[in-house]
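Engineer: got a predicted structure here, sequence first:
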Number of protein chains: 2
Amino acid sequence: MKIFKALADDTRLGIIKNLYASKEEMSCTEAGADCVSSKSNASYHFRTLREAGLIKVRKEAQTKFVSLNKETFDRFLPGFLDTL
Amino acid sequence: MKIFKALADDTRLGIIKNLYASKEEMSCTEAGADCVSSKSNASYHFRTLREAGLIKVRKEAQTKFVSLNKETFDRFLPGFLDTL
DNA sequence: ATGGTTGTTCAATATTCATAGAACTATCAT
DNA sequence: ATGATAGTTCTATGAATATTGAACAACCAT
């Protein structure tokens, strides 16, 4: 459920696409650059994605790096990422 | 997107589970028996599911029979139904 | 024709979710 | 220490969704 709610939003879907396309981790700022409307908005969406288990977050200095949590996709939405 | 919005709700997810478990078509009343809170509410959720392409509807007399639209699941969420 | 099912539509309300700005923490660079 | 960067949290507000009941339409059975 949390997964579907997390994916039921254009902004978050955009972030997922960015992360999938990049094949690497990105900073929150990077990953949300073209989707997000303010930094508090960004924070909100990244939290939603994290709580749904769709992304992993690693902190380095001030910066947080995010990447797709492949395990979750494989487990609950196997094959989905390839339909993006 | 419409697909995720459609799945991002407990009531509709319940309906999907019922349909998946039954392996056959069911009437709307049957499929929603344990999830839905009123008949207008049922109608609303079935419409949402239909518009997302997740179910097929067949009318026979007063009764509408609903079933999963496997094509949509296979195309956009391959493998998902088996995780239910 | 009347009454009983099955489902739809409409309008009102309630609930949930998304957005914005301001104040804040933490880290780095000078 | 100061300023800059990266992100969080809070409160308020707006937008989108869900729920309800009432009135309705379609179909069947008698």
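Structural biologist: All right, it came through fine. These numbers were taken from a predicted model, which means no experiment stands behind them.
Engineer: now stretch A:73-84 - C-alpha only, CSV.
Structural biologist: What follows is stretch A:73-84, C-alpha atoms only, in CSV (Å, rounded to 0.1, in the frame of the first residue of the first chain):
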residue,chain,number,x,y,z
PHE,A,73,11.1,-3.3,-6.5
ASP,A,74,12.1,-6.9,-7.1
ARG,A,75,10.0,-8.2,-4.3
PHE,A,76,6.7,-6.3,-4.9
LEU,A,77,7.0,-5.0,-8.4
PRO,A,78,9.2,-7.4,-10.2
GLY,A,79,9.7,-6.3,-13.8
PHE,A,80,8.2,-2.9,-13.2
LEU,A,81,11.4,-0.8,-13.5
ASP,A,82,11.9,-2.0,-17.0
THR,A,83,8.5,-0.6,-18.0
LEU,A,84,9.6,2.9,-17.2
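Engineer: and that stretch with chain B, contact?
Structural biologist: Yes: counting by CB under 8 Å from any CB of the partner chain, chain B has neighbours in stretch A:73-84: A:75-80, A:83. Any C-beta I mention is one placed from the backbone N, CA and C, and that applies to glycine too.
Engineer: can I get the residues you listed in JSON lines with neighbour count and pLDDT?
Structural biologist: Formatted as JSON lines, the residues of stretch A:73-84 next to chain B follow (neighbours: other CB atoms under 10 Å in any protein chain shown; pLDDT from 0 to 100):
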{"residue": "A:R75", "neighbour count": "13", "pLDDT": "96"}
{"residue": "A:F76", "neighbour count": "18", "pLDDT": "95"}
{"residue": "A:L77", "neighbour count": "20", "pLDDT": "95"}
{"residue": "A:P78", "neighbour count": "15", "pLDDT": "93"}
{"residue": "A:G79", "neighbour count": "15", "pLDDT": "90"}
{"residue": "A:F80", "neighbour count": "17", "pLDDT": "93"}
{"residue": "A:T83", "neighbour count": "10", "pLDDT": "88"}
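Engineer: which pLDDT does the model give the spatially most central residue of chain A?
Structural biologist: Compute the mean C-alpha point of chain A, and by CA atoms, centre = their mean the closest residue is A:I16, 4.5 Å away. With respect to pLDDT, A:I16 scores 98.
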